[in-house]
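1. Here is a sequence together with a model predicted from it:
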Amino acid sequence: MPPVFGVLFDGIAYGMLLFLMSVGLSVTLGMMNFVNLAHCSFAMLGGYVAVTLMNALGWPFLATLPVAFVAAGAASVVLERLFFRRFYNAGELNQCLLTIGIVFVSIAGAAYIYGTDQQPVHLPNYLQGSVVFAGLDLAVYRLFLIGTALAITVLLTITVEATRFGAQVRAAVNNQRMARGLGIDVDRLFAITFALGSGLAGLGGALAIAMLGLDPSFALTYLIYVLIVVSVGGLGSIAGSFVAAMLLGVSDMAGKYYIPAFGSVLIYLVMMAVIMWRPAGLFGRR
Amino acid sequence: MTSATIGAPDGPQEFLRAQIRWRWSEIAFWLATLLPFVLAPDYLVLASQIAFTALFALSLDLILGFSGIISLGHAAYFGVGAYTAGLLSAWGWGEPLTGLAVAGLAAGLFGYLTSFIIARFRHLALIMITLGIALLLQEAANSASAITGGFDGLQGIHTWPIFNRFDFDLYGRTAYGYTLAILFLLFLVARRIIHSPFGLALRGIRENGQRMPAIGAPTRAHIRTIYTIAAVMAGIAGALLAQTTETVSLEALGFQRSADVLVMLILGGTGRLYGGIVGAMVYMVARDQFSGLNPQFWYFWIGLLLIAVVMFMPDGIIGGLSLLRRGATTPEAKDLP
């Protein structure tokens, strides 16, 4: 099989992870302009929840995924109530400082409980190995990853495009003040969206362990990639995040495969090129 | 943040002159920076690191605090300066002052070239562009490991004595005196810039980037100028790192350093000249003490410190202090350093 398909396949699988981990941040940033640098801490939390359930309590891998989603979402609600809501009208610099503080605490907390080593993960047998399809050797886990992420994307799109809640979210992202004027409770909406987005990040984190590994620096390492996806896709756009995540996932894999000496240069170059071409991102309006 | 002072009693000249006057608190502050020589001679190495980090934070304050350019990649210029000074020394020219000048020049050149891109963007796009430039530069330095030493760092840096007299000793006496002197000199430069009409124009750009061109201010040219100046200062700070520690590694221009300096500046208070310096002091001393307490989990305490400061002192430490003083002094105290 020509390597280009393999690279494409791996890139798409990686892009799906990036999408899950970044879509929540994109929507909350677009709605409230709240700079949440701690978004990847929720992804990391999801990862550690899954690892703990699997290794300490012997849960099956699939059963840990919804728990990772709920745990990250619940943690985000607590933090939102305690800290974040006081900073919606504060400057973005204070939001940065607050959330970077939370990142530091989460990294230290993870290192305290789990140590700084990579966490081992044991996938069930039916997710290991690979299948041959049309001459392509496809890893089962990555197929599973792509399938799950696609299902979630469809679910998200339906929620946002076809429900009352989704219409309110779109209104709030488009024009927050106008939405308030029409009687939409944007604060409540934001809290729900924030919890959902963080939950998705947690799910992404749990799914990511088998592909990206998990250690306490996860919250900071993948923050860069998530920020890149959000800015390239455009704030508040689910479709934008999806396209950007695919683009960046594939270019990162391609870069690492074809020009390994330069590591992740390609993903940065793509990011710079897109932002110079469209400063608001591919699907951004502002 | 700081609002432009409207209705200064005696017109703009008097307003500027009042700002430029030295206050007792400032003089006391700079005298206090000499205290480590007497009170904490064991900590002079740390003190010299604080001094060049403070210079780095001050350079970021010029663009972020006074011109509203948020950069998540300021370490790029720090790194260019550090590698320039380091390479110069490794290739056989270890004279510190010329090393500083060349490093500042190199970083300034890089800053000038990139400023043409910087001046065209705002908001998130700007943050991502600065981040991208720094990440690309780090990848470049990594792949040019034949020159830079890659992950292992640059080998063979030796800094000659300053003026052929003051040798860099193990205890950091010379290092601290040297970095402190450079910090003070460049602080004077920054102070002069901020209180000039050009500095006022920068604050206008920060407050309203759309309105400034309407009153005839060449916004982009101003941004390019201050960005280049900040890059020179960051480069000199990096050169001080290379000369006093005699090592340069990739972390000199890594994301971590960019993020750290941003945190320090916000911690101290942006747009206040002393904010970066105080932020660097608090952050570095806290990190030193916390990592002495427990080498693995100092992140936890630093994180708590950041959360506490942002909860209780939304304008940073300097802002919090001037809030305390506010009752005793003029209403404009907020705008003063």
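-> Noted; the coordinates are in hand. None of these values were measured; they are calculated from a predicted model.
2. and the residue of the stretch 151-286 of chain A nearest chain B?
-> A:P279 (3.8 Å; CB to the nearest CB). To be clear about C-beta, it is placed using only N, CA and C from the backbone, and glycine gets the same treatment.
3. did I read that right, that residue in a helix?
-> No. Counting by DSSP: H, G, I helix; E, B strand; the rest coil, A:P279 is not found in a helix; it is coil.
4. Quick one: mean pLDDT for stretch A:135-143?
-> Averaged across stretch A:135-143, pLDDT comes to 82.
5. doesn't B:Q49 make contact with B:V285?
-> No. The pair B:V285 / B:Q49 is not scored as a contact, 10.5 Å apart, by CB atoms under 8 Å.
6. Specify which residue of these two has the higher count of neighbours.
-> Between B:V285 and B:Q49, counted using other CB atoms under 10 Å in any protein chain shown, the more crowded position is B:Q49 (22 against 14).
7. Tell me how many other residues surround the residue of the stretch 151-300 of chain B found nearest chain A.
-> With CB to the nearest CB, the shortest gap between the stretch 151-300 of chain B and chain A falls at B:F300, namely 3.3 Å. Using other CB under 10 Å, B:F300 is surrounded by 19 other residues.
8. Repeat that for the one 4 residues further on.
-> Residue neighbour count, defined by other CB under 10 Å, stands at 16 for B:L304.
9. Now do the contacts for it.
-> A:101, A:105 (CB atoms under 8 Å, 6 or more residues apart in numbering or on different chains).
10. Check which residues of stretch B:74-94 are buried.
-> Neighbour-count burial for stretch B:74-94, counted by 16 or more other CB atoms under 10 Å in any protein chain shown, picks out B:74-90, B:94.
11. My read is that the residue of the stretch 151-286 of chain A closest to chain B contacts B:A125, right?
-> Yes. Between A:P279 and B:A125 there is a contact at 3.8 Å, judged by CB under 8 Å.
12. residues contacting the residue of the stretch 151-286 of chain A closest to chain B?
-> Taking CB under 8 Å, 6+ apart, we find A:P279 in contact with B:121-123, B:125.
13. now for those residues, which pair is the farthest apart?
-> Farthest-apart pair in the contacts of A:P279 is B:F121 and B:H123; separation 7.6 Å (CB to CB).
14. which stretches of the chain aren't confidently modelled?
-> Going with chain A. Applying pLDDT under 70 to chain A picks out residues A:1-2, A:263, A:286.
15. Wait, chain B was what I had in mind.
-> For chain B (pLDDT under 70), the answer is B:1-10, B:295-296, B:325-337.
16. Would you tell me which residues of the stretch 51-200 of chain B are close to chain A?
-> B:70, B:117, B:121-125, B:127-129, B:131-133, B:135-136, B:139, B:142-143 (CB under 8 Å from any CB of the partner chain).
17. Show me which of the residues you listed are buried.
-> Buried among those (16+ other CB under 10 Å): B:70, B:117, B:121-125, B:127-129, B:131-133, B:135-136, B:139, B:142.
18. Helices - which of these land there?
-> B:117, B:123-125, B:127-129, B:131-133, B:135-136, B:139, B:142 (DSSP state H).
19. Make a markdown table out of the residues you listed and add distance to B:A107.
-> Formatted as a markdown table, these follow (distance: CB to CB, whole Å):
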| residue | distance to B:A107 |
| --- | --- |
| B:I117 | 16 |
| B:H123 | 25 |
| B:L124 | 25 |
| B:A125 | 23 |
| B:I127 | 20 |
| B:M128 | 21 |
| B:I129 | 18 |
| B:L131 | 18 |
| B:G132 | 18 |
| B:I133 | 13 |
| B:L135 | 17 |
| B:L136 | 16 |
| B:E139 | 18 |
| B:N142 | 19 |
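20. and of the residues you listed, the nearest to B:F29?
-> Once CB to CB is applied, the member of those that ends up nearest B:F29 is B:I127, at 31.3 Å.
21. Would you enumerate the residues in contact with the closest one?
-> A:227, A:231, B:70-72.
22. Around chain B, which positions in the stretch 1-150 of chain A sit nearby?
-> Contact residues (CB under 8 Å from any CB) of the stretch 1-150 of chain A with chain B: A:83, A:86-87, A:90-94, A:96-98, A:100-109, A:111-112, A:116.
23. What is the burial count for the residue nearest to B:T270 when sequence neighbours are not counted?
-> In space, and not counting its chain neighbours, B:T270 is closest to B:G65: 3.7 Å by CB to CB, 6 or more residues apart in numbering or on different chains. Per other CB under 10 Å, the neighbour tally for B:G65 reads 29.
24. Kindly report the same for B:S291.
-> B:S291 has 15 neighbouring residues, counting by other CB under 10 Å.
25. my guess is it meets B:W301, correct?
-> No. Counting by CB under 8 Å, B:S291 sits too far from B:W301 to count as a contact (9.2 Å).
26. number of nearby residues for residue 187?
-> If you meant another chain, say so; for now it's chain A. A:D187: 13 neighbours (other CB under 10 Å).
27. Let me rephrase: I mean chain B.
-> By other CB under 10 Å, neighbour count at B:F187 equals 20.
28. how distant is the helix or strand encompassing B:S25 from the center of its chain?
-> Using DSSP states H and E, B:S25 falls within helix B:24-32. On the basis of CA atoms, centre = their mean, to the nearest Å, helix B:24-32 sits 19 Å off its chain's mean C-alpha point.
29. how deep is A:A171 tucked in, by neighbour count?
-> So A:A171, with other CB under 10 Å, has 18 neighbours.
30. Spatially nearest residue to it, not counting backbone neighbours?
-> Using CB to CB, 6+ apart, the closest residue to A:A171 is A:A179 (4.3 Å).
31. looking at this, that neighbour is in a helix?
-> Yes. Judged by three-state DSSP, A:A179 forms part of a helix.
32. Can you tell me which residue of the stretch 1-150 of chain B sits closest to chain A?
-> Across the stretch 1-150 of chain B, the shortest distance to chain A (CB to the nearest CB) belongs to B:A125, at 3.8 Å.
33. Now render the contacts of B:I127 as a markdown table, adding distance to B:S196.
-> A markdown table is the format used below for the contacts of B:I127 (distance: CB to CB, whole Å):
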| residue | distance to B:S196 |
| --- | --- |
| A:L227 | 35 |
| A:S231 | 34 |
| B:I70 | 23 |
| B:S71 | 22 |
| B:L72 | 28 |
